[in-house]
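S.K.: Here's a sequence, model it:
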Amino acid sequence: MQIDVFTLFPQAFDWFASQRHVTNAVALGHELEFVDYRDHTPLSGGQVDDTPFGGGAGMVLRVDVVEAALRARYGSDPVALPGRRRVIAMDPSGRLLDDALVDELASEPALTLLCGRYEGFDERILEHFVSDRVSIGRYVLAGGELPAMVVCDAVLRKQPGALGHGDSALEESFSAALEGGPEYPHYTRPASYRGWEVPEVLLSGHHRRIADWRLAQSRARAQAGGSPRPTPDLHNAGDDALP
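M.R.: Below you'll find the model as predicted:
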């Protein structure tokens, strides 16, 4: 997979690019690169935005600036670009990111993510250069950099080998293995702490019972819409007591 992120602040991604699953993905041949709009602006003084027509507060990212950056990167008219790769604007009014969309994006050979700033994009950018608008939630951030990191993180960790263990991404929140539900509770040593016990089923070594318990916990969390505590009688339950 090849991912380009267009942004006014490429340095904001320094920490993200150093994360283990990202470096693993890059080492496996995936690409993550950052393009600074300012490096390609046709305007003097590195200008990238302007005041909105009709008045109002804030500044708007200019269509000619975004076109120049896309042309410089891909060597063609950006209008034709969505026919070759997914071009995604990080937009709070866009399609909400979920695991199904992450799976969809993770199967693409190439993605382009456009990060907005200030009051956002000139609408003509969204109308003519973009194939998708994606939101990580119905709230507004200072820019698209954090949402772009979320998309990159979610997509890259789906790539085989990125997490180190092949099964790491198979059974987690909202995956098909958990019927789209949230992930089950996790425990580690010590098995007993301040009287708080690890459910006995997890110490049993009985893989089928453990799998059934985990799926039941995931279902319970999905029904509750939260993270309920494990059923108390499972701490010392036999096979017949499993929910």
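
S.K.: all contacts plus neighbour counts: C-alpha atoms, from now on.
M.R.: Noted.

S.K.: Tell me which residues of the longest helix anywhere in the chain come out buried.
M.R.: Across the chain, the longest stretch assigned as helix under DSSP state H is helix 207-224. Across helix 207-224, burial judged by 16 or more other CA atoms under 10 Å covers Arg209, Ile210, Trp213, Arg214, Leu215, Ala216, Gln217, Ser218, Arg219, Ala220, Arg221, Ala222.

S.K.: which of those lies closest to Tyr118?
M.R.: Of all the buried residues of helix 207-224, Ala222 has the smallest distance to Tyr118: 37.0 Å, by CA to CA.

S.K.: just the strands in the protein please.
M.R.: 2-7, 31-36, 49-50, 60-61, 86-96, 110-114, 132-135, 192-193, 196-197 (DSSP state E).

S.K.: Phe16: which of those strands is closest?
M.R.: Using CA to CA, the strands of the chain put strand 31-36 closest to Phe16, at 10.7 Å.

S.K.: Next, the angle strand 2-7 makes with the closest one.
M.R.: 20 degrees (axes from the mean of the first three to the mean of the last three CA atoms, to 10 degrees).

S.K.: returning to what we had before: need the buried residues of helix 207-224 in JSON lines (columns: distance to Ala27).
M.R.: Shown next, in JSON lines, are those (distance: CA to CA, whole Å):
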{"residue": "Arg209", "distance to Ala27": "38"}
{"residue": "Ile210", "distance to Ala27": "34"}
{"residue": "Trp213", "distance to Ala27": "37"}
{"residue": "Arg214", "distance to Ala27": "33"}
{"residue": "Leu215", "distance to Ala27": "34"}
{"residue": "Ala216", "distance to Ala27": "37"}
{"residue": "Gln217", "distance to Ala27": "36"}
{"residue": "Ser218", "distance to Ala27": "34"}
{"residue": "Arg219", "distance to Ala27": "37"}
{"residue": "Ala220", "distance to Ala27": "39"}
{"residue": "Arg221", "distance to Ala27": "36"}
{"residue": "Ala222", "distance to Ala27": "36"}
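
S.K.: Closest to Leu97 out of these?
M.R.: Closest to Leu97, out of all of those and judged by CA to CA, is Ala222, at 18.1 Å.

S.K.: hang on, isn't the closest one packed against Pro182?
M.R.: Yes - counting by CA atoms under 8 Å, Ala222 touches Pro182, with 6.2 Å between them.

S.K.: residues touching the residue nearest to the spatial centre of the chain, list them.
M.R.: In the chain, the C-alpha nearest the mean C-alpha coordinate belongs to Val151, at 2.8 Å (CA atoms, centre = their mean). Applying CA atoms under 8 Å, 6 or more residues apart in numbering to Val151 gives the contacts Leu97, Val102.

S.K.: The one 10 residues further on now?
M.R.: Applying CA under 8 Å, 6+ apart to Gly161 gives the contacts Asn24, Ala25, Leu28.

S.K.: okay, these in JSON lines with pLDDT next?
M.R.: Putting these into JSON lines (pLDDT from 0 to 100) gives the following:
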{"residue": "Asn24", "pLDDT": "96"}
{"residue": "Ala25", "pLDDT": "96"}
{"residue": "Leu28", "pLDDT": "96"}
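
S.K.: List only those of the residues you listed flagged as buried.
M.R.: Asn24, Ala25.

S.K.: So which of the contacts of Gly161 are in helices?
M.R.: Asn24, Ala25.

S.K.: Now flag whichever of the contacts of Gly161 is closest to Pro52.
M.R.: Checking the contacts of Gly161 one by one against Pro52 (CA to CA), the nearest turns out to be Ala25, at 40.1 Å.

S.K.: gap between the nearest residue to Phe129 once chain neighbours are set aside and Ala162?
M.R.: Excluding its sequence neighbours, the residue lying closest to Phe129 (CA to CA, 6 or more residues apart in numbering) is Val79, at 5.1 Å. Distance, Val79 to Ala162, by CA to CA, to the nearest Å: 33 Å.
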